[in-house]
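**Student:** got a structure for you, letters missing:
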């Protein structure tokens, strides 16, 4: 096994754990994971999984992966709790031959409901305070900023290193509602199916497709970003679009795109309770190790007034 990179979950979510102190549940589960891994009791690790994770990663595949990890990296020598990345406790884990980040998420029944093991990469890329790429809005019509800004009150994303300047966009009517009818179907939501376009020229460097749309009110905790597109711009900024609609992505990895090109439609995939667009910029491609960059849009209408070089905040109604 030349490279270990098995990720059940992307590391961004609709909810954030603000505490940066390791919880007792996380401490107990991570210690048990290390003990069972080092003694090659992989079936016992599988027994620590939630039913949903067992379904996503069946016993045979779990054992195969863990055996491969052991053969490549060896036993775990030590682990150090670093912080919470959204719902995950993140551990810097030293193996006999390699160093990895192990991210473990637990449910209310003290079961592992999310697991990501990936190489430990130090973010050394420069982090500008704002975007250098000239940006248009990634949609037409009027959308509402449900999360955006520099404080926790305006934007819960601020506690995430990579998403600290992220936006969540959706469409509301004159009463502030995001849907018509009873809201039980995705089609009831004004944002669902709306085209999402490239806000700048660039190259598509990552595409996640094939994730089914959620029933409104229910969230996918295993593919938390849902259907995702990442574009690298000429200034080495990475534009991230999440929760796109199932089977609507129109671009492929390696494809060059121009500003205004269709990426896909707004959906309700991943850790999303209703159709909306998550958008942020970061300084590297890897979604879990990047540092967020504040996004300013070149020209837009904000609450009916023209703005230039503006970064929207929560409550703004915006359009191109």
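**Tutor:** Arrived safely, thanks for sending. All of these numbers come straight from a predicted model, not from anything done at the bench.
**Student:** quickly list the domain ranges of this protein.
**Tutor:** Following automatic domain parsing, one finds the domains of the chain at 6-119, 143-319.
**Student:** which of the ones you listed is buried the deepest?
**Tutor:** Mean neighbour count (mean count of other Cβ atoms under 10 Å) peaks for domain 143-319 among the domains of the chain, with a mean of 19. For the C-beta atoms, the positions are set from N, CA and C on the backbone; glycine is no exception.
**Student:** quick check: end-to-end length of it?
**Tutor:** Start and end residues of domain 143-319 are separated by 6 Å (Cα to Cα, to the nearest Å).
**Student:** cool, and stretch 49-68?
**Tutor:** Start-to-end, stretch 49-68 (Cα to Cα) is 19 Å.
**Student:** give me the mean pLDDT for that stretch.
**Tutor:** On average, the pLDDT along stretch 49-68 is 90.
**Student:** distance from the centroid: which residue in this protein tops it?
**Tutor:** residue 39 (33.0 Å; Cα atoms, centre = their mean).
**Student:** and residue 241, what are its bridge partners?
**Tutor:** With DSSP bridges as the criterion, residue 241 is bridged to residue 229, residue 279.
**Student:** if I look at it, how far off is residue 292?
**Tutor:** Residue 241 sits 15 Å away from residue 292 when distances are taken as Cβ to Cβ, to the nearest Å.
**Student:** now residue 46
**Tutor:** 35 Å.
**Student:** so who does residue 170 touch?
**Tutor:** For residue 170, the contacting residues are 143-144, 146, 178, 189-191, 274-277, by Cβ atoms under 8 Å, 6 or more residues apart in numbering.
**Student:** could you dump the residues you listed to a markdown table with distance to residue 100 and pLDDT?
**Tutor:** Below are the contacts of residue 170 laid out as a markdown table (distance: Cβ to Cβ, whole Å; pLDDT from 0 to 100):
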| residue | distance to residue 100 | pLDDT |
| --- | --- | --- |
| 143 | 39 | 98 |
| 144 | 40 | 98 |
| 146 | 35 | 96 |
| 178 | 40 | 96 |
| 189 | 39 | 97 |
| 190 | 43 | 97 |
| 191 | 37 | 97 |
| 274 | 35 | 96 |
| 275 | 35 | 97 |
| 276 | 33 | 97 |
| 277 | 32 | 97 |
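**Student:** ok so, going back, okay, the residue farthest from the centre of the chain: pLDDT?
**Tutor:** Listed pLDDT for residue 39 reads 96.
**Student:** over to residue 17?
**Tutor:** 35.
**Student:** ok so, going back, quick one: the domains of the chain as TSV, columns for distance to residue 131 too.
**Tutor:** Listed next are the domains of the chain as TSV, based on distance: least, Cβ to Cβ, whole Å:
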stretch	distance to residue 131
domain 6-119	19
domain 143-319	5
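**Student:** quick one, which of these gets closest to residue 125.
**Tutor:** Residue 125 lies closest to domain 143-319 among the domains of the chain, at 4.5 Å (Cβ to Cβ).
**Student:** what about the residue nearest to residue 51 when sequence neighbours are not counted, distance to residue 50?
**Tutor:** With sequence-adjacent residues excluded and distances taken as Cβ to Cβ, 6 or more residues apart in numbering, residue 51 is closest to residue 111, at 8.0 Å. For residue 111, the distance to residue 50 equals 4 Å [Cβ to Cβ].
**Student:** same check on residue 314?
**Tutor:** Distance from residue 314 to residue 50, by Cβ to Cβ: 33 Å.
**Student:** ok, now residue 205?
**Tutor:** For residue 205, the distance to residue 50 - Cβ to Cβ - is 32 Å.
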